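> Here is a sequence together with a model predicted from it:
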Amino acid sequence: WAMQWVPEDEVVTWLNAVKAKVSEYNMSLIVEVANEVFTPGVGPWSFWKGTVDELSLLSNYVLNWRNAYAPEVKVWSPSIPGFWSNQPGQDNIYAFMNWLRNYPRRNEFDAFSLHLYFLTADNLWKPSSNETNWTGFIEYKDALRAMGINKPIVDGEKWFGPGVVVPGTMYNYGVKSLTQGISQTCYFFLWSQGNDETNL
């Protein structure tokens, strides 16, 4: 939690510049409220340092900003990185769902984002385990649907492990994920035939 409150005139100036580029390249403008919340015990990868109340405050700010300045912008929920592991205390999905149940504006999010690192097409339908790298997609989806939330689920950062990316890996995951309820996959980092995004 280190948010800097930016004057509204600066926000509008920035937004107009971004919207011009989005229009020029026929893209969509999406804002994710916060990156990888509820990540205890993962050291430098624990991006969100705030409290539950601060996450609600930030979510309100982003949703209010969208409503006031850019109603066409899609707002994704705060993202989580799955369970991270099977270690006690790293129950990111349950912590996120507990927050979401008590957040009165949850239905204003256009999509719900989690990061399914290392999850492959063969294991998409399996519950959280070592095979799925403890990503917990099934648990995440089931918890959302149990709350009556039927908005899209997105894989906001897709990353495959070393030696996994071969012809068909990305295609197979993209197609299979659509059949399992993931509406969009953002390929983030491949890390197989080189150490940068040029693999894509």
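Alright, I've got the coordinates. Numbers count the residues shown, from 1 in each chain.

> Where does the residue nearest in space to the middle of the chain sit: helix, strand or coil?
In the chain, the C-alpha nearest the mean C-alpha coordinate belongs to residue 113, at 2.8 Å (CA atoms, centre = their mean). Secondary structure state of residue 113, per DSSP: H, G, I helix; E, B strand; the rest coil, is strand.

> Give me the pLDDT for it.
On pLDDT, residue 113 comes in at 95.

> CA atoms of stretch 12-31 as CSV?
The C-alpha trace of stretch 12-31 is given here as CSV (Å, rounded to 0.1, in the frame of the first residue of the first chain):
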residue,chain,number,x,y,z
VAL,A,12,-7.6,13.6,-17.0
THR,A,13,-4.5,14.7,-19.0
TRP,A,14,-3.0,11.2,-18.7
LEU,A,15,-6.3,9.5,-19.6
ASN,A,16,-6.8,11.6,-22.7
ALA,A,17,-3.3,10.7,-24.0
VAL,A,18,-3.9,7.0,-23.3
LYS,A,19,-7.3,7.1,-24.9
ALA,A,20,-5.8,8.6,-28.0
LYS,A,21,-3.3,5.8,-28.4
VAL,A,22,-6.0,3.2,-27.6
SER,A,23,-8.2,4.6,-30.3
GLU,A,24,-5.3,4.8,-32.8
TYR,A,25,-4.4,1.2,-32.4
ASN,A,26,-8.0,-0.1,-32.0
MET,A,27,-7.2,-1.5,-28.5
SER,A,28,-9.2,-1.7,-25.3
LEU,A,29,-8.4,0.2,-22.1
ILE,A,30,-8.4,-1.9,-19.0
VAL,A,31,-7.4,-1.0,-15.4
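
> Pull out the buried residues from that stretch.
Buried positions in stretch 12-31, judged by neighbour count with 16 or more other CB atoms under 10 Å: residue 30. From N, CA and C alone the C-beta is placed, and that goes for glycine too.

> what does stretch 70-81 give?
70, 73, 74, 75, 76, 77, 78, 79, 80, 81.

> just to revisit the earlier point, residues in contact with the residue nearest to the centre of the chain?
With contact taken as CB atoms under 8 Å, 6 or more residues apart in numbering, residue 113 is in contact with 32, 76, 77, 78, 79, 80, 153, 154, 155, 156.

> Give me the subset of these lying in strands.
Among the contacts of residue 113, the members found in strands (DSSP state E) are 32, 76, 153, 154, 155, 156.
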